[in-house]
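# Give me coordinates for this.
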Amino acid sequence: MKSKKCLYLLTLLILSLYATAMGGRHGVLDEEGEWQPIKNITDPYIKVLGEVSVYYYNNRTSSHLSFVKVLNGDTHGHYYDDYYYRLALEAQDSGLTKKYQAIVLERRYAYFRNLTSFTPL
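Below you'll find the predicted structure:
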């Protein structure tokens, strides 16, 4: 009888540890349903994120892109106060307007932004 109770408690403990460990994976970006569309794409804050993306890209690559506008975007809340923004934006390169996708990590509590990806569309 005692061995059944011990086995039962051990099973509950293992399941709770597993559930806790898997619950921590909600921040994985590739899981379906994680990204939420940005409702107000004309928000000045979103524009600043687009401008910052182009600025960081130019600094990293010695390019001379000029920000035009954000076309659309999604956001993804991560752990604590970390947010990812996936932005489709337009920038001019030598007078030609081209489309790019930028992914920006923002840690609001630390006043930190990092351009994690910048690719042509």
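# At the geometric centre of this protein, which residue do we find?
What sits nearest the mean C-alpha location of the chain, by CA atoms, centre = their mean, is residue 84, with 2.1 Å.
# Tell me who's in contact with residue 77.
Residues near residue 77 by CB atoms under 8 Å, 6 or more residues apart in numbering: 36, 83. Just so you know, the C-beta spots here come from the backbone N, C-alpha and C atoms, and that holds for glycine as well.
# Distance of it relative to residue 106?
11 Å (CB to CB, to the nearest Å).
# Please apply the same query to residue 53.
Taking CB to CB as the measure, residue 53 falls 11 Å from residue 106.
# what do you get for residue 67?
For residue 67, the distance to residue 106 (CB to CB) stands at 17 Å.
# Kindly report the same for residue 94.
Residue 94 is 30 Å from residue 106, where distance means CB to CB.
# Please identify which of those two sits among more neighbours.
Ranked by neighbour count (other CB atoms under 10 Å), residue 94 and residue 106 place residue 106 first, with 19 against 8.
# so where's this structure uncertain?
Counting by pLDDT under 70, the ranges of the chain that qualify are 1-33, 79.
# any chance you could map the helices in this structure?
2-23, 44-61 (DSSP state H).
# List the buried residues in the shortest one.
Pointing back at helix 44-61 there. 46-47, 49-54, 56-58 (16 or more other CB atoms under 10 Å).
# Would you mark the buried spots in stretch 73-82?
Of the residues in stretch 73-82, 73, 75-76, 78, 82 count as buried by neighbour count, 16+ other CB under 10 Å.
# which parts of stretch 84-104 are buried?
Neighbour-count burial for stretch 84-104 flags 84-91, 100-104 (criterion: 16+ other CB under 10 Å).
# Out of these, which is nearest to residue 110?
For the buried residues of stretch 84-104, the residue nearest residue 110 by CB to CB is residue 104; the value is 14.1 Å.
# Name the nearest residue to the closest one, ignoring sequence neighbours.
Closest residue to residue 104 apart from its sequence neighbours, by CB to CB, 6 or more residues apart in numbering: residue 85 at 4.7 Å.
# Could you pull up the residues touching the closest residue to residue 47 other than its chain neighbours?
Distance criterion CB to CB, 6+ apart; nearest residue to residue 47, sequence neighbours excluded, is residue 70 at 6.2 Å. When contacts are counted by CB under 8 Å, 6+ apart, residue 70 touches 41, 46-47, 49-50, 87-89.
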